[in-house]
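K.L.:
fold the following and give me the result.
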Amino acid sequence: MRRSAVAVLAGVIAIVAALVVLWPRGVEAQPHLAESGGLRFELTPTSTRTGSNAFDLRITDRSGNAADGDVTVEPAMPQMGHALAPITAAPQAPGQYRVAGVDLLMAGQWEITVSLRSERVVIPLLLT
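P.N.:
Numbering: from 1, shown residues only. Below is the predicted model:
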């Protein structure tokens, strides 16, 4: 009887250990860079998980000077036919913008199109 209890306990420990090691985790949110003809775009998501998300944007010219103007963000998942309406980013400081409340409800590869004036870039974002 004692041997079977030890075997059950060992099995439970093995299952818990496997879950801890194999449980999916979000990829750490890193800045994503893209450049257009005259601007450099840096997009940093608050999370790489599905659900409500926010993006911090830093936009500069090629010399590193802050770019200003109306910035829009258009999230899309072309392979699944999903797209959200363009969202206007809120200015935070010169060259810095924030978009909050972006509902990315499916895991997979998203494309975040960022536009400022006539400059436009597409930044890939993988969600888990």
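
K.L.:
those helices in the chain, which residues are they?
P.N.:
Using DSSP state H, the helices of the chain run over 2-22.

K.L.:
least trustworthy helix or strand in it by mean pLDDT?
P.N.:
helix 2-22 (a mean of 65; mean pLDDT, DSSP states H and E).

K.L.:
need the nearest residue in space to residue 74, chain neighbours excluded.
P.N.:
Among residues not flanking residue 74 along the chain, residue 113 sits closest, at 4.2 Å (Cβ to Cβ, 6 or more residues apart in numbering). C-beta here means a position set from N, CA and C on the backbone, and glycine is covered the same way.

K.L.:
residue contacts, that neighbour?
P.N.:
With contact set as Cβ atoms under 8 Å, 6 or more residues apart in numbering, residue 113 has these partners: 73-76, 120-123.

K.L.:
among those, find me the one that's closest to residue 52.
P.N.:
Lowest distance from residue 52 to these (Cβ to Cβ) belongs to residue 75, with 12.0 Å.

K.L.:
no further questions, thank you.
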